[in-house]
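**Student:** here are the coordinates; sequence isn't available:
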C-alpha cells in the first residue's frame, strides 16, 4: 500500500490484539491486488457493549487507482457479531469479494448479458 493503514476504534478502547488482526487481514488484501493504495478500517462497538451483548460493526474503505471500495458490515441481528473477531472476519471476507470483482472488471472479465 502506498498510504499507511489507518485503524479507528469507536466506542471501545484501543486493543493491540484487534489492531494486529486488522493488520494481518490488510496484508492478505494486498495479495489479491497490488493496486490497493490505501485502507482505512473502523471498528464500531455497540453502546454499552460491556454490559449487554451488542453487535460490532466494521467498515473497510479501500482506495484503488480508479476510486474507492467501501465495505460496511452492519450486523443487524446477527448474534455472531457480538464477537469483534467474527465481525472483522466477515468484513474482510466481503472486502476480498469486492476486490476480486474490481480486479475482474479491470481485466475486462465481466460477463456480458445475452440479448
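**Tutor:** In hand now; what should we look at? This one's a predicted model, so the numbers in the text were calculated from it and none came from an experiment.
**Student:** residues near residue 35, how many?
**Tutor:** Counted with other CB atoms under 10 Å, residues neighbouring residue 35 total 17. In short, each C-beta sits where N, CA and C put it, glycine included.
**Student:** quick one: it from residue 67, how far?
**Tutor:** 11 Å (CB to CB, to the nearest Å).
**Student:** same check, this time on residue 60
**Tutor:** Taking CB to CB, one finds residue 60 at 15 Å from residue 67.
**Student:** more crowded one of these two?
**Tutor:** A direct count of neighbours by other CB under 10 Å for residue 60 and residue 67 places residue 60 higher, at 25 against 9.
**Student:** residue contacts, the more buried one?
**Tutor:** Neighbouring residues of residue 60 by CB atoms under 8 Å, 6 or more residues apart in numbering: 39-41, 70-71, 91-92, 94-95.
**Student:** residue 54 and residue 46 touch, don't they?
**Tutor:** Yes - using CB atoms under 8 Å, residue 54 is in contact with residue 46, at 2.5 Å.
**Student:** quick check: pLDDT value at the residue nearest to residue 68 when sequence neighbours are not counted.
**Tutor:** Leaving aside its chain neighbours, residue 68 sits nearest to residue 61 (6.2 Å; criterion: CB to CB, 6 or more residues apart in numbering). Reported pLDDT at residue 61 in the predicted model: 96.
**Student:** touching, residue 61 and residue 37? I think so.
**Tutor:** No - counting by CB under 8 Å, residue 37 is not a contact partner of residue 61; they are 11.5 Å apart.
**Student:** the two: which is more packed in?
**Tutor:** residue 61 (16 against 13).
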